[in-house]
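>>> return a 3D structure for these sequence lines:
(chains A and B)
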Amino acid sequence: EPEVTQTPSHQVTQMGQEVILRCVPISNHLYFYWYRQILGQKVEFLVSFYNNEISEKSEIFDDQFSVERPDGSNFTLKIRSTKLEDSAMYFCASSDKVVRTSRTDTQYFGPGTRLTVL
Amino acid sequence: GDSVTQMEGPVTLSEEAFLTINCTYTATGYPSLFWYVQYPGEGLQLLLKATKADDKGSNKGFEATYRKETTSFHLEKGSVQVSDSAVYFCALGGSQGNLIFGKGTKLSVKP
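Predicted structure coming up:
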C-alpha cells in the first residue's frame, strides 16, 4: 500500500540554525500539506501546496518557514532560523484531490519528524 | 472559526468494554468529518470518515455517524481490544482544504 514517508525521524538542532524536513508524498497525489503537533497540544495546520505553489497557509507559517517541491517526488519544509518554540512533531500529508464547497478529501499522513531545538 | 471539541482523556477501559469518544464541531457549511488514530510511535492514520449528514463511517469495528442536528461525530466501538490503545483525533475538513483537529483522546485498554 502506498504511504507517505518522512526523513529524518528525529532532528536535533541548535537555536538559530536552519533545518529542512523532507517528505515523499504518495506518488499520484497532487495536494501536499504540513502540520505540526507541539507536545501535548493539537495537531495544527501549517501550509498546503498545489501546482508548485502555496495554496493556503496558517498564521503559524510566517517568513521563517518555506516549502518547496524540488523534484517530482520530494516535498520539503524549511525553517530558516529555528526557535525553541519550533520544537514539535512535524507531519507531512498528501491527498489526491480537494473537493470544493467546504469539503476536504482524505489526507494521508507520514510518520512525522520530531524536531528538537536546543 | 471552525473548531472541533472532543472529550478529554485519558480513557482507560478493560478489554471487551464499550467505547464512546465524544466529538462535536463548529463549522460553516457541511464539512467532511474524520477520525484519525495515532498508535504509539507512529503517525496519524485515517480510521473512518463521513462526508454528509447521516452518513455512517466504519472501519475495524469502529463507527461514527455524522449528526448535523447535534453537530456531533461520536466514535464508538462495541468491544475494545488491547491493540486499540492509541490516541484518537476527531477532525473536520476546513474551508481552506486543511484538516482542523481536536486535541485528541488517549485510550488505554487493559487486558
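
>>> nearest residue to the middle of chain A?
A:W34 (2.4 Å; Cα atoms, centre = their mean).

>>> ok, the residue lying closest to it once chain neighbours are set aside - contacts?
Counting by Cβ to Cβ, 6 or more residues apart in numbering or on different chains, A:W34 lies nearest to A:L46, which is 4.3 Å off, once chain neighbours are set aside. For glycine as for every other residue, the C-beta is placed from the backbone atoms N, C-alpha and C. By Cβ atoms under 8 Å, 6 or more residues apart in numbering or on different chains, the contact set of A:L46 is A:Y33, A:W34, A:Y35, A:R36, A:K57, A:S58, A:I60, A:F61, A:F65, A:L77.

>>> want to throw those into CSV with secondary structure?
Listed next are these as CSV, based on DSSP: H, G, I helix; E, B strand; the rest coil:
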residue, secondary structure
A:Y33, strand
A:W34, strand
A:Y35, strand
A:R36, strand
A:K57, strand
A:S58, coil
A:I60, coil
A:F61, coil
A:F65, strand
A:L77, strand
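
>>> highest neighbour count among those residues?
Neighbour tally across the contacts of A:L46 (other Cβ atoms under 10 Å in any protein chain shown): the maximum, 28 neighbours, falls on A:Y33.

>>> show me what that residue is bridged to.
Beta-bridge pairing for A:Y33 (DSSP bridges): A:S48, A:A93.

>>> wait, it sits on A:C92?
Yes: using Cβ atoms under 8 Å, A:Y33 is in contact with A:C92, at 7.0 Å.

>>> count of residues packed around the residue of chain B found nearest chain A?
Closest to chain A within chain B is B:G93: 2.6 Å, counting by Cβ to the nearest Cβ. Around B:G93 there are 27 other residues, counting by other Cβ under 10 Å.

>>> gap between it and A:T113?
Between B:G93 and A:T113 the distance is 24 Å, computed by Cβ to Cβ, to the nearest Å.

>>> and A:E44, how far from chain B?
Using Cβ to the nearest Cβ, to the nearest Å, A:E44 is found at 8 Å from chain B.

>>> ok, now which ones touch the residue lying closest to that residue once chain neighbours are set aside?
Of all residues beyond its chain neighbours, the one nearest A:E44 is A:R36 (5.6 Å), with distances taken as Cβ to Cβ, 6+ apart. Counting by Cβ under 8 Å, 6+ apart, A:R36 makes contact with A:V43, A:E44, A:L46, A:I60, A:A88, A:M89, A:Y90, A:F91.

>>> are any of the residues you listed buried, and if so which?
A:V43, A:E44, A:L46, A:A88, A:M89, A:Y90, A:F91 (16 or more other Cβ atoms under 10 Å in any protein chain shown).

>>> avg pLDDT for whatever helix or strand A:L21 lives in?
Assigned by DSSP states H and E, A:L21 falls within strand A:19-24. Average pLDDT, strand A:19-24: 97.

>>> what's near enough to touch A:Q37?
So A:Q37 contacts A:V43, A:E44, A:A88, A:M89, A:Y90, A:F91, A:G112 (Cβ under 8 Å, 6+ apart).

>>> quick one, phi/psi of the fourth one?
Comment: the main-chain dihedrals of A:M89 come out as phi -90, psi 130, following degrees, to the nearest 10.

>>> what does the pLDDT read for it?
95.

>>> still on that earlier bit, and the buried ones among the contacts of A:R36 as CSV, adding distance to A:L21?
Formatted as CSV, the buried ones among the contacts of A:R36 follow (distance: Cβ to Cβ, whole Å):
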residue, distance to A:L21
A:V43, 15
A:E44, 15
A:L46, 11
A:A88, 11
A:M89, 10
A:Y90, 5
A:F91, 10
